[in-house]
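*Asks:* I'd like to go over a predicted model; first the sequence, then the structure.
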Amino acid sequence: DMANVFQYVPAVDQGENPTVNSHFSFKRYPTNVFIYPRSDKAIKGELRHLIHDGIAKSRYLNATDDPMESVWVVDLLRIGDSLLYCDSLLDSLRKLRGNRMDGLHLILLDYSDIGDWSRDYYEYTYNTFDSYSTNCTKLLAAMIGADNVTLSRRTHTYNRTYTCFFRDPECHGCQFLSDEDLHYCYSDDAPFQERLGDVFEFRKRNISQYVSGGSVKKAFYPVRSDLLEKINDAMSNRSLYDPIDLVRNIDVIHFWNVGETDPYANLRSRVSEALLSLRSLANIHAVARKHGYSKNQGRNYVADEYVTTLLSSKMVVVCQRDEWEGHYRLMEALISGAMVLTDPMVYLPSGFKNGKNIIVYHSINDLKEKVIYFASNDNLRITIAQKGRELALSRHRSFHYMEDYVFNDGMALSSPFLDDFGDLALKVVY
């Protein structure tokens, strides 16, 4: 391995001529990474599944307590209030490094939801947050140079909403009805892409002057190593190696309860209702309910019930929240060996292609038709499931992501393609 110290080969395939940014000298192997914020509290969420796990599992990275001779990886979501994180970061930089800013590279990771809603302790819109991020990166760029500031953000769209979208044309004023009444306004043929939101073209915005590569990168959710280990343990107990070989008795599942009370899960509830209707319509063994833990507990612990159910399902349907996209469920489903069906995302994770290694459904009726089709086409379903699992494990582990962030500014994962809507282009907001 030491022979390759100056010839880093990234874990993510970047084509025939992978490039590595010049601000890394590779004088030391592996590269030291200083994780910020520092906390004695339990390590959870992306701080655990992406940052700590990714560094621990990479042979090219090493977590260090030394803030000087290291790359800084900053979890913005866990610094504190989304509109105050910059002050805390700047204070810590000055305290820990003094005037020695030469050679410092900052990797800022933002996994906040950033929807257009109000919260009890503050209110903000996407534009407010974007303006604050611009001001913060401007200060950081003045301190260490724009080429040394990398920002990757989960959310690259706004105005995404599915509330009162599935309504019949005659249902004028559905927006004024209660959630219970909205149930009767849904239209199963309503095309999802009309509500995916508006795309921010960061290269055309002021923030492009203050971050490396002239743009904000897209942040995705990696494969959770704790779930993968549980799946591997379950397979070992069954004396099998590949989950693809399992006999599965559930045709399709969506891990969401019908009628779940959640202000940002209108679409998820409709998907669960649609799948359950297939029991009588097409004799499909469909399941729609949560298994194991949920919310914060589910994002940090793995229930045996959840693993067992994943490995018992031929198809897993996943669905975004109403006002933002991106979640752990996608990779969780893919590594289980089930064929995965997802609602449209503006950005699919790198390498995923509808019909090849994942299936995208574009309306409620489209979902039902595709489930019925694949329920009777086992060979094609298994082929797609296998390719999806292989891609998730070969390019979307936590260490793949962290190596790409550190050595390539997140470029290998930050240029996903729009889903195949043909001429139905999304509106780009400058």
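*Replies:* Structure received.
*Asks:* For residue 192, give me its contacts.
*Replies:* 162, 343, 344, 361, 362, 363 (Cβ atoms under 8 Å, 6 or more residues apart in numbering). Using the backbone N, CA and C atoms, a C-beta is placed for each residue, glycine as well.
*Asks:* If we use 6 Å, what do you get?
*Replies:* If you count contacts by Cβ atoms under 6 Å, 6 or more residues apart in numbering, residue 192 has them with 343, 344, 362.
*Asks:* and if you look at residue 388?
*Replies:* 334, 340, 357, 358.
*Asks:* Report the buried residues of the helix or strand encompassing it.
*Replies:* Taking DSSP states H and E as the definition, one finds residue 388 inside helix 378-395. Across helix 378-395, burial judged by 16 or more other Cβ atoms under 10 Å covers 381, 382, 384, 385, 386, 387, 388, 389, 391, 392, 395.
*Asks:* And the helices in the stretch 301-430 of the chain, which stretches?
*Replies:* Taking DSSP state H, counting those that start in this stretch as the criterion, the stretch 301-430 of the chain carries its helices at 304-310, 329-335, 364-375, 378-395, 398-408.
*Asks:* got it, and the stretch 1-150 of the chain?
*Replies:* Using DSSP H, counting those that start in this stretch, helices in the stretch 1-150 of the chain cover 45-46, 53-57, 85-97, 126-144.
*Asks:* ok, of the ones you listed, where does mean pLDDT dip lowest?
*Replies:* Confidence, taken as mean pLDDT, is least for helix 126-144 of those (a mean of 80).
*Asks:* then that helix to CSV, C-alphas only?
*Replies:* Taking Å, rounded to 0.1, in the frame of the first residue of the first chain, the C-alpha atoms of helix 126-144 are listed here in CSV:
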residue,chain,number,x,y,z
TYR,A,126,-34.8,28.6,1.7
ASN,A,127,-33.7,32.0,0.4
THR,A,128,-32.9,33.2,3.9
PHE,A,129,-30.8,30.1,4.5
ASP,A,130,-29.1,30.4,1.2
SER,A,131,-28.2,34.0,1.9
TYR,A,132,-26.8,33.1,5.2
SER,A,133,-24.7,30.3,3.7
THR,A,134,-23.4,32.7,1.1
ASN,A,135,-22.3,35.2,3.8
CYS,A,136,-20.7,32.4,5.8
THR,A,137,-18.7,30.9,2.9
LYS,A,138,-17.6,34.5,1.9
LEU,A,139,-16.1,34.9,5.4
LEU,A,140,-14.4,31.5,5.2
ALA,A,141,-13.1,32.1,1.7
ALA,A,142,-11.6,35.4,2.8
MET,A,143,-9.8,33.5,5.6
ILE,A,144,-8.5,30.4,3.7
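*Asks:* looking at the contacts of residue 192, which has the most residues close by?
*Replies:* Neighbour tally across these (other Cβ atoms under 10 Å): the maximum, 24 neighbours, falls on residue 343.
*Asks:* From residue 369, how far off is the residue lying closest to it once chain neighbours are set aside?
*Replies:* Closest residue in space to residue 343, ignoring its immediate chain neighbours: residue 319 at 5.1 Å, by Cβ to Cβ, 6 or more residues apart in numbering. Between residue 319 and residue 369 the computed distance is 17 Å (Cβ to Cβ, to the nearest Å).
*Asks:* just to revisit the earlier point, right, and the pair among the buried residues of helix 378-395 with maximum separation?
*Replies:* 381 and 395 (21.8 Å; Cβ to Cβ).
*Asks:* that older thread, with the contacts of residue 192 in mind, which one is nearest to residue 137?
*Replies:* Of all the contacts of residue 192, residue 137 sits closest to residue 344, with 30.0 Å by Cβ to Cβ.
*Asks:* what pLDDT does the closest one get?
*Replies:* So residue 344 comes in at 93 (pLDDT).
*Asks:* from now on call the first residue 115
*Replies:* That works, and once the first residue is 115, the last one we named lands at residue 458.
*Asks:* ok, it to residue 471 distance?
*Replies:* Taking Cβ to Cβ, one finds residue 458 at 16 Å from residue 471.
*Asks:* same question, residue 390
*Replies:* Noted for residue 390: a distance of 27 Å to residue 471, by Cβ to Cβ.
*Asks:* same thing with residue 427?
*Replies:* 17 Å.
*Asks:* same question, residue 149
*Replies:* 32 Å.
*Asks:* out of residue 433 and residue 483, which sits in the more crowded spot?
*Replies:* Between residue 433 and residue 483, residue 433 has the larger neighbour count (other Cβ under 10 Å), namely 26 against 13.
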